[in-house]
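1. with the input below, show me the fold.
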Amino acid sequence: MMLAIGIAVIVTSLGHGIGSLLRMDAGFFPMLLGAGAILLGLAITLRHRLFPAHSDEADTPLPETIDWAERWHRLRPMLLVPLGIAAFAALLETAAC
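-> This next block holds a predicted model:
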């Protein structure tokens, strides 16, 4: 996924012009971010191929009851981070000095 995002960002940034190190155009920084995403994707892929994760899930029996506290603990960041970003965006105009 990171490789695909990086490639898409680089292709998109080519349309904005890159410029040079002395006179950077609008596509220079997105190009760097896309290259970083590609490098991160390659690092993740290589790490996964060289050191595969061992899964013991096949031997673990399913729990008889649902641990709602554990489930909330796992879902909380996925819910609250987007809500925090949305609150920031909604309050940006009214909170600006």
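2. pretty sure residue 13 contacts residue 37?
-> No: judged on Cβ atoms under 8 Å, residue 13 makes no contact with residue 37 at a distance of 11.5 Å. To be clear about C-beta, it is placed using only N, CA and C from the backbone, and glycine gets the same treatment.
3. what sits against residue 24?
-> residue 18 (Cβ atoms under 8 Å, 6 or more residues apart in numbering).
4. okay, now the unreliable bits of the protein?
-> For the chain, the stretches flagged by pLDDT under 70 are 54-63, 96-97.
5. which stretches in the protein count as helices?
-> Assigned by DSSP state H, the chain shows helices spanning 2-14, 28-50, 68-95.
6. ok, now which ones touch the residue nearest the centre of the chain?
-> Geometric centre of the chain, nearest residue: residue 2, 7.9 Å, by Cα atoms, centre = their mean. Contact partners of residue 2, counting by Cβ under 8 Å, 6+ apart, are 37, 38, 40, 41, 44.
7. check residue 4 too.
-> Counting by Cβ under 8 Å, 6+ apart, residue 4 touches residue 41.
8. going forward, the N-terminal residue is numbered 12.
-> Noted, 12 is the first residue going forward, which turns the last one into residue 15.
9. next one: the nearest residue to residue 12 once chain neighbours are set aside relative to residue 26, how far apart?
-> Distance criterion Cβ to Cβ, 6 or more residues apart in numbering; nearest residue to residue 12, sequence neighbours excluded, is residue 52 at 7.4 Å. Using Cβ to Cβ, to the nearest Å, we find residue 52 at a distance of 22 Å from residue 26.
10. many thanks, we can stop here.
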